[in-house]
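Novice: attaching a predicted model along with its sequence, questions to come.
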Amino acid sequence: MKKQLYLLIIIVLLSNLIYAQESDADKLKIDKSKILSKLDGLALAQITVNYKLTTTAKMVAQEKGTRQTAGARISAFLETTDEELSANDFQEVTDYFYFYFQKKLKENGIDTVAWNTITATDFYKNAVDKDADEKKDESKEKGGNEWVTYTAHKGNTLHGKNELGFAFGKIKKGSSFCEEIGAPAGFFYLTVDFADVLVNLDIKTSREENMYYSKTTTKKTYAWAVKPDMRVGQPDAGLTLFWNKKSQSEILTQKKDMEGGVKYADEVSDDPSKARTGLAKQFAFSKELTPILIQTTREKYKAAAKKALEKYADAFVVKSQQLKND
């Protein structure tokens, strides 16, 4: 087990060195840009951020010969030791990102549109918030991942997470919206995660047989690694969309997480007794490998999350400049 774990850690370290050579801007991908390649103005019409509270890695392995199949998963739980992260905390981080993003755009020659100009339009006022349930203070959970969702300025959802773009009557309205505000519009979906979690599973079957008996033994070897590091990535649901007055659209995707690079964790432990009573109950998942508890304070969490989001804004500006020069 230790040998496998050390091997996985070495793989993680080597992969980090490889990806360190790739800039954050290179992690953003867009095909045949017609909007970002000519960007001299942008309205940050919607910024929606998922904040992970529990993050899980899973793996299913199958041995080639016997077709024996098994699965494994490992989860990391986030806990603030002074008091719970509140709705105000998450809103603070989201709004900070909005203002930082706007500032970086202006500093690099990309004009922005004031928020009150956006909210004064009929397109904004008449938006149907299809994702309203995601904005409630209680967290959402799926597949071992738990998160809360917040939108900058508590704004309306103009582009739903399940939409590939604007359709039917909304195409014309979206284009009129861009013409009215005098700039293309960006609708961003991002995820802030607090750790990089990896798990590996190896299955080997051996068979012992003679004239008196037959015995088959299956051995499963697990290895995992958890790296506390605030990071920004693309969410499982929701695409970052850009739209202009000509009804042209494009989608920006993210190939790899952007690491904040700020040491924020006070303690990393697999001891459930160190967790608060409510959180400790989540450690009872019977098929879980030893869960990992990452503890920090509210202020350290917010500072690290802000730094990670700054990295995204910086990368976006560089990417838009690269597209202009191509």
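Specialist: Arrived safely. Numbers count the residues shown, from 1 in each chain.

Novice: determine the longest helix present in this protein.
Specialist: helix 298-325 (DSSP state H).

Novice: what's that one packed up against?
Specialist: Counting contacts by 3 or more CB pairs under 8 Å, 6 or more residues apart in numbering; DSSP states H and E, helix 298-325 packs against strand 28-29, strand 69-80, helix 87-107, strand 185-209, strand 214-233, strand 258-259. (Each C-beta comes from the backbone N, C-alpha and C, glycine too.)

Novice: what comes up buried for it?
Specialist: 300-323 (16 or more other CB atoms under 10 Å).

Novice: quick check: bridge partners of the residue nearest the centre of the chain?
Specialist: Centroid-nearest residue in the chain, with CA atoms, centre = their mean: T191, separated by 2.6 Å. With DSSP bridges as the criterion, T191 is bridged to N50, G233.

Novice: who touches it in this structure?
Specialist: V49, N50, Y51, K52, W147, V232, G233, Q234, P235, D236 (CB atoms under 8 Å, 6 or more residues apart in numbering).

Novice: so how far is K246 from D270?
Specialist: 55 Å (CB to CB, to the nearest Å).

Novice: T253 now?
Specialist: 22 Å.

Novice: need the contact list for D257.
Specialist: K27, D193, D196, R231, V232, G233.

Novice: show the pLDDT at A195.
Specialist: According to the per-residue confidence, A195 scores 94 in pLDDT.

Novice: count of residues packed around it?
Specialist: 22 (other CB atoms under 10 Å).

Novice: return the residues in contact with the closest residue to it other than its chain neighbours.
Specialist: Counting by CB to CB, 6 or more residues apart in numbering, A76 is the residue found nearest to A195 once chain neighbours are left out, at 4.5 Å. By CB under 8 Å, 6+ apart, the contact set of A76 is T54, T55, T56, F194, A195, V197, V226, P228, P291, I292, L293, I294.

Novice: one more pass at 6 Å, please.
Specialist: Going by CB atoms under 6 Å, 6 or more residues apart in numbering, A76 touches T55, A195, V197, V226, I292, I294.

Novice: do M59 as well
Specialist: M59 sits in contact with A72, V199, L201, where contact means CB under 6 Å, 6+ apart.

Novice: does it sit in a helix, a strand or a coil?
Specialist: Put simply, M59 is strand when judged by DSSP: H, G, I helix; E, B strand; the rest coil.

Novice: quick check, pLDDT for it.
Specialist: 72.

Novice: that one pairs with what?
Specialist: A72.

Novice: quick one: low-confidence residue ranges for this protein.
Specialist: Within the chain, the stretches with pLDDT under 70 are 1-21, 65, 128-139, 141, 143, 277-289.

Novice: make it 50
Specialist: 1-11, 13-14, 17-19, 130-138, 285-286 (pLDDT under 50).

Novice: the residue lying closest to F316 once chain neighbours are set aside: neighbouring residues, count only.
Specialist: Distances taken as CB to CB, 6+ apart place L28 nearest to F316, at 6.8 Å, with adjacent residues excluded. For L28, the count of nearby residues is 24 (other CB under 10 Å).

Novice: if we can go back for a sec, just name the most buried of the helices and strands packed on helix 298-325.
Specialist: For those, the largest average neighbour count (mean count of other CB atoms under 10 Å) is found in strand 258-259, namely a mean of 22.

Novice: output the contacting helices and strands for that strand.
Specialist: When contacts are defined as 3 or more CB pairs under 6 Å, 6 or more residues apart in numbering; DSSP states H and E, strand 258-259 packs onto strand 214-233.

Novice: after the strand it packs on, next one along is what?
Specialist: Proceeding N to C from strand 214-233, the next assigned helix or strand is strand 240-243, under DSSP states H and E.

Novice: how near is W115 to D193?
Specialist: W115 is 27 Å from D193, by CB to CB.

Novice: over to V199?
Specialist: 15 Å.

Novice: could you do V232 as well?
Specialist: 8 Å.

Novice: tally of neighbours for the residue nearest to T54 when sequence neighbours are not counted?
Specialist: Leaving aside its sequence neighbours, T54 sits nearest to E146 (CB to CB, 6+ apart; 3.9 Å). The number of residues packed near E146 is 19, by other CB under 10 Å.
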